[in-house]
Structures are given as structure tokens and as C-alpha cells.
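J.: When you get a sec, could you give me coordinates for this:
(one chain, ligands or ions: 1)
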Amino acid sequence: MIIEPRVRGFICTTAHPDGCAKNIREQIAYVLRQGPLPEGPKRIAVVGCSTGYGLASRIVATFAGGAETIGVSLERAPTATRTGSAGWYNNRAFEIEAQKIGRSPLTLEGDAFSDEMKKTFIDNVRERFGQLDMLVYSLASPVRTDPDTGQTHRSAIKPLGAPVGIKTLNTETGEVFETTIAPASEDEAAATVAVMGGADWKRWIDQLADAGVLAPGFRTLNYTYIGSELTWPIYWNGTLGRAKVDLDRKAEQIRQRLGEDAARVVALKAVVTQASSAIPVVPLYGTVLFKVMKPLGLHEGCIEQIDRLFRTRLGADAEVDEEKRLRVDDWELSPEVQAEVSRRWPLLTTETLGELADLAEYRSQFLRLFGFGIDGVDYARDVDPRIVD
Ligand code: NAD
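T.: Residues are numbered from 1 along each chain as shown. As a prediction, this is how the structure comes out:
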């Protein structure tokens with residue numbers, strides 16, 4: 001079939017196998033250009049491995065660090081007439097490329113929140129590695145069923161306390177408009193913490209530790225976004241921020257159990273991913289950020305951020321902030337970048353968007369997540385959506 005993008009708001013319901021594979025190869029090429037990382041951990045798990053920051057983590061660990069990896073993600077497999085999820089294609093393409101350099105990656109596809117998945121994972125770690133050196137937790141999901149209660153929680157991306165008036169962008173039409181978002185109820189806030197907070201991360205680590213599969217010196221990373229005063233009203237001061245504060249709390253509990261260096265929350269920059277495109281304000285903020293950071297030579301996507309994390313932030317002497325987090329959002333939050341983004345913000349309208357922001361770059365990055373708009377891919381080719389090569 002001929003596969004074309006089918007975009008509905010902040011979701012694309014199709015994905016291109018050749019485009020996703022090319023995307024993976026481009027990320028690998030970037031990492032190889034930065035050179036090897038011989039000192040890194042060698043047995044690494046990535047929960048949320050198929051897209052965005054988790055995928056970049058798996059690529060850096062494998063192609064710079066030479067690690068063997070186990071990935072976990074939730075995917076839709078393709079059929080003869082329907083494309084799979086982008087993550088499904090990414091997983092297959094990653095496996096093909098990793099095998100070419102002699103690695104034997106394993107990917108488990110299913111619900112990482114469930115205890116069944118954790119059990120299958122532990123059995124596989126025992127069989128393949130004996131023990132794990134690192135677990136990167138990079139899961140982003142709007143819904144989680146708590147294995148203890150059987151209750152399914154749904155997150156709500158809302159402010160807390162009072163309504164918030166914000167400027168936002170319809171990325172399909174290019175329209176910039178003001179909108180008011182009503183505050184979350186206490187139940188919605190609690191549900192968001194149950195889904196996006198640290199409960200499942202800690203559950204993973206506790207179950208792995210109880211099973212005796214954590215190597216001496218084991219470390220775990222979990223990714224967070226802090227942002228600046230432009231995004232705080234909807235992000236850090238809202239339900240999502242409350243969930244991210246819970247990560248910091250859980251990191252401390254993991255450190256108390258496993259040691260002072262065992263758990264780190266890592267603050268990363270705003271990038272275009274499936275998860276971030278669903279958050280109000282973030283796409284508009286992102287379009288301005290690209291326009292400001294690019295000419296300064298500071299523009300980074302997932303692979304550049306994670307490569308910098310692994311090369312410069314994981315040493316024994318790495319600096320941490322007051323919450324003991326590692327910070328790779330330093331360029332985004334630099335006074336120079338933030339002053340320019342803040343200067344442009346009040347001037348942003350549908351008419352000025354073209355001059356002050358980079359919507360074309362945003363759209364191109366969004367389509368790339370699904371394997372579209374990538375140089376060198378023949379989109380007119382009749383492809384079998386079940387095959388990645
Ligand atoms: P993403 O949507 O690209 O990736 C999410 C991953 O989680 C995918 O691999 C998906 O398959 C997996 N997943 C979702 N539900 C699952 C389930 N039930 N079981 C197993 N796997 C499941 O998201 P992302 O933007 O890379 O986010 C990853 C982390 O990085 C999040 O904690 C996010 O807050 C953080 N972060 C993102 C940004 C950003 O701008 N995108 C910035 C800073 C930090």
C-alpha cells in the first residue's frame with residue numbers, strides 16, 4: 001500500500017516503515033559521529049523504549065556505549081491493510097541495526113504498568129544478563145491501571161486551584177489564540193499523579209531489587225520537564241508538575257533503599273514527541289524555542305539531548321541541583337534563550353507567528369515522529385506495512 005500521513009489534531013494514525021527505519025539510522029549516525037563511550041553501563045533496560053527520549057536512550061546506550069538492552073513499550077502491530085504504530089517500526093528497525101553490530105536486543109511489547117510485564121521482564125533479565133546495570137524509565141502515558149487496586153486512572157493536563165488563561169497554537173491551521181483552562185478537581189490531580197508520578201517507577205525498582213537482579217552500582221534515571229515561567233502555569237504549577245514532584249520524592253525513596261547515586265531524575269528540554277504535542281502551550285512554546293535556539297547553535301532534539309546526558313552528566317562528579325536532579329535543560333533555560341523567548345511571547349499572534357516562531361520546523365518534526373517527510377524515502381513506493389528492512 002501507499003502510506004500517507006493521517007493527522008488528527010495532535011495524533012497521526014499512520015506511520016511509515018521506511019521512514020521510521022531511516023529515522024533510526026539517522027539517530028544512530030549522529031551518535032556514531034560523537035564517538036564511543038567505553039566507560040558506560042553495559043546491561044541497560046529502557047522502559048518506554050520505542051519513541052522520543054526512551055528511544056534516544058536506547059540508541060545512545062547501544063551505539064555509543066556498546067550496551068546490551070532490553071526495551072519495554074506499548075505498540076500496535078501492523079496488519080496487511082493497517083500500519084503499525086511508529087514505535088513498532090522503530091523497535092524493529094532498532095533491532096535490525098543493533099544486530100548488525102553484534103548486539104542481541106530484546107523488546108517486550110505490552111503494558112509496563114502491569115505486574116505480568118515486570119515478571120516477564122525479570123525472567124528475561126535473569127536468563128540473558130543475570131543482573132542489570134541501569135534502568136531508564138521514559139514512559140509517557142495518559143492512562144494507568146494500578147495493579148494493587150485494579151483501578152484505571154486517567155491523567156488530566158490542567159492547572160491547579162484557579163483557571164489559567166493561556167496562549168496556544170492550533171498546529172494544523174497555524175492559528176494562535178487565547179484559551180482558558182479550568183482547574184483540575186482533586187480527583188483529577190490525584191489521578192494524574194497516579195499515572196505520571198513515580199509510583200510505577202518505584203514499583204519496577206522494588207520488584208527488580210526484591211528479585212535480586214540489580215548489579216552492584218545499579219543506577220536508574222527518570223526524565224522530567226521543568227520549563228520556565230511561560231509554561232509553568234499549565235505545566236510545573238499544574239497537575240503534570242504535581243506528578244513530576246512525585247518523581248523527585250520517589251527518587252529519594254529509591255536512593256534510601258539502594259544508595260545515594262542509585263536514582264536520578266533528569267530534567268530535559270522541550271522537544272517534539274507524541275507525548276509533548278498533547279500538552280497545551282508546549283507546541284507554541286516549542287515553535288518559538290526552535291526559532292531562538294537554532295541561530296545560537298543550541299538547537300537539540302531527543303538524540304542530541306540524550307547523547308549529551310550520557311557523555312557529560314553520568315560521571316561520579318556530575319553536578320546536581322537542589323533536588324538532586326541532573327540538568328540537561330540548561331541551554332533551554334539559559335538567560336539568553338529565555339529572555340528572547342519571553343520578549344517574543346506577548347507579540348505572538350496568528351499574523352506574527354511566521355516571523356517570530358518556526359511552525360514549519362515543528363510540523364516537520366511532528367511528521368518525522370511517524371516516519372514522514374524524511375529525505376531519501378520513496379513515499380510513492382507500494383509497501384507491505386508488516387515489513388521493516
Ligand atoms: P513519547 O510519547 O515519545 O514516548 C513514550 C513511550 O512510552 C513510548 O515508547 C510508548 O510506547 C511508551 N508507553 C506508553 N504507555 C506505555 C505502557 N502502558 N506500557 C509500556 N510502554 C508504554 O514520550 P517522551 O516525550 O519521550 O516522554 C518520555 C519522558 O520524557 C516522560 O517522562 C516525559 O515527561 C519526559 N520529558 C519529555 C519532554 C518533551 O518535551 N517531550 C521534555 C522533558 C521530559
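J.: Name the SS class of the closest residue to Ala263 other than its chain neighbours, please.
T.: Nearest-residue entry for Ala263: Ile254, 3.8 Å, with adjacent residues in sequence omitted and distances by Cβ to Cβ, 6 or more residues apart in numbering. To be clear about C-beta, it is placed using only N, CA and C from the backbone, and glycine gets the same treatment. Put simply, Ile254 is helix when judged by DSSP: H, G, I helix; E, B strand; the rest coil.
J.: which residues touch Ile254?
T.: Shown in contact with Ile254 (Cβ atoms under 8 Å, 6 or more residues apart in numbering): 201-202, 205, 220, 262-263.
J.: swap in Val320?
T.: Neighbour list for Val320: 264, 326-327 [criterion: Cβ under 8 Å, 6+ apart].
J.: Ok, Ile59 next?
T.: By Cβ under 8 Å, 6+ apart, Ile59 lies in contact with 24, 27-28, 31, 94, 303, 306.
J.: which of the residues you listed lies closest to the ligand?
T.: Distances from the ligand to those, taken as Cβ to the nearest ligand atom, are shortest for Ile306 (9.7 Å).
J.: and Ile306, how many neighbours?
T.: Counted by other Cβ atoms under 10 Å, the residues lying close to Ile306 total 31.
J.: Which of the helices or strands spans it?
T.: Using DSSP states H and E, Ile306 sits in helix 302-312.
J.: Please report how far Leu139 lies from Val266.
T.: According to Cβ to Cβ, to the nearest Å, Leu139 and Val266 sit 14 Å apart.
J.: what do those two both touch?
T.: What both Leu139 and Val266 touch, as defined by Cβ under 8 Å, 6+ apart, is an empty set.
J.: Please compute how far stretch 180-200 lies from its chain's middle.
T.: Between the centre of stretch 180-200 and the centre of its chain there are 19 Å (Cα atoms, centre = their mean, to the nearest Å).
J.: Show me which residues of that stretch are buried.
T.: Judged by neighbour count (16 or more other Cβ atoms under 10 Å), stretch 180-200 contains these buried residues: 181, 183-184, 188-200.
J.: Quick one: residues contacting Arg128.
T.: Contact partners of Arg128, counting by Cβ under 8 Å, 6+ apart, are 68, 70, 104, 106.
J.: mind redoing it with 10 Å?
T.: Contact analysis of Arg128 by Cβ atoms under 10 Å, 6 or more residues apart in numbering lists 43, 68, 70, 104, 106.
J.: likewise Ile44?
T.: 57-58, 60-62, 65, 67-71, 129, 132-136, 219, 221.
J.: Among the residues you listed, name the ones in helices.
T.: Within the contacts of Ile44, residues falling in helices by DSSP state H are 57-58, 60-62.
J.: so Gly217 is in which element?
T.: strand 214-224.
J.: any chance you could map the strands in the stretch 251-389 of the chain?
T.: Under the criterion DSSP state E, counting those that start in this stretch, the stretch 251-389 of the chain carries strands at the ranges 263-267, 326-327.
J.: elements contacting the shortest one?
T.: Helices and strands in packing contact with strand 326-327 are listed as strand 214-224, strand 263-267, helix 302-312; criterion 3 or more Cβ pairs under 10 Å, 6 or more residues apart in numbering; DSSP states H and E.
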